[in-house]
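K.L.:
3D, please:
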Amino acid sequence: MDLDFFLKGLAIGFSIAAPVGPIGLLVIQRTLANGRSSGLVSGLGAATADAFYGGVAGFGLAFVSTFLIDQQTWLRLVGGAFLIGMGVRIWLRKPVDATATTARNQGLAGDYASTLALTLTNPVTIISFAAVFAGLGLGSTGGDYTSAAALVSGVFTGSALWWVCLSGAVGAFRRMFSPGRMRLLNRLSGSVIVLFGIAAILSLVF
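P.N.:
Okay, here's the model as predicted:
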């Protein structure tokens, strides 16, 4: 594995995942409501999508990125609607006692799939990767599939590292959240996620 490309991918994956947006907010909410496992698995769904887009850029798959950018209207519409629906579900969710010791082991596949879908339907992600790769001179690995694979592995590892850090740090405060506080958190985070979804749809007009 080309260590230089892996380290560059690691830095790219971590830096693109780190800004707190709807996915970050969702991971925080799930960690506090359901535990570290839920938050971490949700983050890994986003990391998988980041690796996919990193692969599109790293392997020089211009036809794929062009197709995705051409379909950004539908992607914004679907992604926005998905965010609105998820935000409403969180807002209406009955809080559980975060201080309870019983872990939630069911629904992790849904946590992973939902953040994977949300990240994949965000056209800003592929644009961000294309811009970063071009700026670093990594827009193409020159047909070297070993270097491209190292780059993609680094992107996934960097993104996953951020979600491990975030879910671990937030999980440390979970026992401080009573059902009343969780209800407030659910309504606040649900409202913000709905606003992200509305903004995504309105971006089609303005």
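K.L.:
Just want the most central residue of this structure.
P.N.:
In the chain, the centroid-proximal residue (CA atoms, centre = their mean) is Ala46; its distance is 3.3 Å.
K.L.:
tell me the SS of that one?
P.N.:
helix (DSSP: H, G, I helix; E, B strand; the rest coil).
K.L.:
Just checking, which helix or strand of this structure averages the lowest pLDDT?
P.N.:
Here the helix or strand of the chain ranked lowest by mean pLDDT, DSSP states H and E is helix 62-70, holding a mean of 66.
K.L.:
which residues touch the residue nearest to the centre of the chain?
P.N.:
Going by CB atoms under 8 Å, 6 or more residues apart in numbering, Ala46 touches 17, 23, 27, 115-116, 118-119, 159, 163. C-beta here means a position set from N, CA and C on the backbone, and glycine is covered the same way.
K.L.:
for Arg36, same thing?
P.N.:
Contacts of Arg36 (CB under 8 Å, 6+ apart): 167-168, 171, 174.
K.L.:
which one of those residues has the most neighbours?
P.N.:
Counting neighbours by other CB atoms under 10 Å, Ser167 leads the contacts of Arg36 with 25 neighbours.
K.L.:
quick one: contacts for it?
P.N.:
Taking CB under 8 Å, 6+ apart as the contact definition, Ser167 lies against 27, 31, 36, 39-40, 43.
K.L.:
Need those residues in TSV (columns: pLDDT and secondary structure).
P.N.:
Shown next, in TSV, are the contacts of Ser167 (pLDDT from 0 to 100; DSSP: H, G, I helix; E, B strand; the rest coil):
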residue	pLDDT	secondary structure
Val27	94	helix
Thr31	93	helix
Arg36	92	helix
Gly39	94	helix
Leu40	95	helix
Gly43	96	helix
